[in-house]
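Undergrad: model this:
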Amino acid sequence: MAFKIISFGTRDNEVPHFDALNKEGFEMTYKSENLTHDNIDLVKGFDGVLLRANNVADKQNLDQMAEWGIKYVFTRTVGYNHIDLDAAKANGQIVAYVPAYSSYAVADLAFGLGIMQNRNLAVAVASSEDGDFRPNPASFVPEFQSLTVGILGTGKIGLAEAKLWKGVGAKVLGYDPYPKDGIEDILTYASMEDLLKEADIVSLHVPYFKGTNDQFFAADQLKLMKSSAVLVNTARAEITDEEAIIAAVKAGDIKGFATDVISNERAYFGQVKPAALQEKGSIMAEFQALYPKVVVTPHIGSYTENALHDMISISYKNFENALNGNFEENFLVKPEA
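TA: The predicted structure is shown next:
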């Protein structure tokens, strides 16, 4: 009998890729909706569950899965803070993730958002849509080769974005507590303070570690940035103080902000006119009120053909390895020895 997997948050255009890469013959069921407390009944009868970001795999849902005999709870994402690892371990469940996919997926988006906000493209488009076709003084900016770009976090994605900026002639600075050797031709390492003071674009590629670096990029860091600089976040919302960013944009302390991630994403992303938009004073409401100085994209950093191929193929490999008792790679919670 085939191993039965239910995949949540699966977009229609992703299904053919899932089918084409299913070399092991897993019996796949695809759900476009994310896993929540309200639809947990959907997992009943399956052997494995495959999640993505903004799916709910907290203790409540994991306990219910365990009650139904579901042992394998995997995510096809790099981030895994949507899964309660302690609860999974207590239940004897196995958790795997995808540690990396095409590094240029997120890097391309960060690069594009940096260009958009530095060049004030959103402002220009908004003006044209309003029937105002006069050149806006805000669009009078330095060219790429005159820019300094600061990359916070020089892992695979940060380094990929650095290469993109280097390719168009910008000066690239990097900050990382664990600097890499042999990349002097791509970027120059600097202290965080010097990077923030000098950069015209600051791009965040810092992983989120709950309870360790929550809101590490906050008012103190924003104060160091130039008033003409823009901030880009394609990492995780939790590493930033969003209220401080909103205040900085309103005060003109920074020129703009672009983000692919927000706090409480699951209340918005993947939906059309979600009810949460009506909540006055919410972070999303604040961001939208500041458009086009603030631009939000719906967590599409990994939404490329290349990245999807990596996510799916590695996820299938994780299931194959788990069934063969091979837990050497990509497993966050393994069976007890």
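Undergrad: Over to residue 34. Which of the three states is it?
TA: At residue 34 the chain is in coil, as set by DSSP: H, G, I helix; E, B strand; the rest coil.
Undergrad: in terms of contact, does it touch residue 268 like I think?
TA: No. Using CB atoms under 8 Å, residue 34 makes no contact with residue 268, being 11.5 Å away. To be clear about C-beta, it is placed using only N, CA and C from the backbone, and glycine gets the same treatment.
Undergrad: give the contact list for the residue nearest to residue 331 when sequence neighbours are not counted.
TA: Excluding the flanking residues, the one nearest residue 331 by CB to CB, 6 or more residues apart in numbering is residue 96, at 4.9 Å. If you count contacts by CB atoms under 8 Å, 6 or more residues apart in numbering, residue 96 has them with 72, 74, 75, 315, 318, 319, 322, 330, 331, 332.
Undergrad: Doesn't the last one belong to a strand?
TA: When you say that, I think you mean residue 332. Yes. When three-state DSSP is applied, residue 332 is found to be in a strand.
Undergrad: ranges for the strands of the chain?
TA: Assigned by DSSP state E, the chain shows strands spanning 4-7, 27-30, 48-51, 72-75, 95-96, 148-152, 171-175, 188-189, 201-204, 230-233, 256-259, 294-296, 331-333.
Undergrad: wait, which of these is closest to residue 211?
TA: With CB to CB as the measure, strand 331-333 is the member of these nearest residue 211 (16.4 Å).
Undergrad: Please enumerate residues in contact with the closest one?
TA: 80, 83, 85, 88, 89, 93, 94, 95, 96, 97, 318, 322.
Undergrad: at 10 Å instead, please
TA: With CB atoms under 10 Å, 6 or more residues apart in numbering as the test, strand 331-333 has contacts from 73-75, 80, 83, 85-97, 99, 318, 321-322, 327.
Undergrad: re earlier: I'd like the strands of the chain written out as JSON lines, with mean pLDDT added.
TA: Output for the strands of the chain, formatted as JSON lines (pLDDT from 0 to 100):
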{"stretch": "strand 4-7", "mean pLDDT": "98"}
{"stretch": "strand 27-30", "mean pLDDT": "98"}
{"stretch": "strand 48-51", "mean pLDDT": "98"}
{"stretch": "strand 72-75", "mean pLDDT": "98"}
{"stretch": "strand 95-96", "mean pLDDT": "98"}
{"stretch": "strand 148-152", "mean pLDDT": "98"}
{"stretch": "strand 171-175", "mean pLDDT": "98"}
{"stretch": "strand 188-189", "mean pLDDT": "98"}
{"stretch": "strand 201-204", "mean pLDDT": "98"}
{"stretch": "strand 230-233", "mean pLDDT": "98"}
{"stretch": "strand 256-259", "mean pLDDT": "98"}
{"stretch": "strand 294-296", "mean pLDDT": "96"}
{"stretch": "strand 331-333", "mean pLDDT": "97"}
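Undergrad: got the phi/psi numbers for the closest residue in space to residue 236 that isn't next to it in sequence?
TA: Distance criterion CB to CB, 6+ apart; nearest residue to residue 236, sequence neighbours excluded, is residue 208 at 3.8 Å. Residue 208 adopts backbone torsions of phi -100, psi 130, taken as degrees, to the nearest 10.
Undergrad: hang on, residue 208 packs against residue 217?
TA: No. Taking contacts as CB atoms under 10 Å, residue 208 lies outside contact range of residue 217: 11.1 Å.
Undergrad: overlap in contacts of these two?
TA: Shared contacts of residue 208 and residue 217 (CB under 10 Å, 6+ apart): 235, 239, 240.
Undergrad: Chain neighbours aside, what residue packs nearest to the last one?
TA: On the basis of CB to CB, 6+ apart, the spatially nearest residue to residue 240 that is not a chain neighbour turns out to be residue 217, at 4.7 Å.
Undergrad: And for the one you found, the neighbour number?
TA: For residue 217, the count of nearby residues is 22 (other CB atoms under 10 Å).
Undergrad: Low-confidence bits of this protein, can you list those?
TA: 337 (pLDDT under 70).
Undergrad: Show me what the longest helix seen in it is packed against.
TA: Assignment by DSSP state H gives helix 305-323 as the longest helix of the chain. Here helix 305-323 touches strand 4-7, helix 15-21, strand 48-51, strand 72-75, strand 95-96, helix 103-118, strand 331-333, going by 3 or more CB pairs under 10 Å, 6 or more residues apart in numbering; DSSP states H and E.
Undergrad: The residue minimising distance to the centre of the chain: what's it in contact with?
TA: In the chain, the residue lying closest to the centroid (CA atoms, centre = their mean) is residue 235, at 4.6 Å. Contact analysis of residue 235 by CB under 10 Å, 6+ apart lists 79, 106, 110, 152-153, 157-158, 203-208, 217, 259-261, 301.
Undergrad: Show me how to select, in ChimeraX, the buried members of the residues you listed.
TA: Selection of buried members from the contacts of residue 235 for ChimeraX, criterion 16 or more other CB atoms under 10 Å:
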select :79,106,110,152,153,157,158,203,204,205,206,208,217,259,260,261,301
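Undergrad: Which residue comes closest to residue 83 once chain neighbours are left out?
TA: Nearest to residue 83 is residue 57, by CB to CB, 6+ apart, at 4.2 Å.
Undergrad: for residue 164, same thing?
TA: Among residues not flanking residue 164 along the chain, residue 111 sits closest, at 4.5 Å (CB to CB, 6+ apart).
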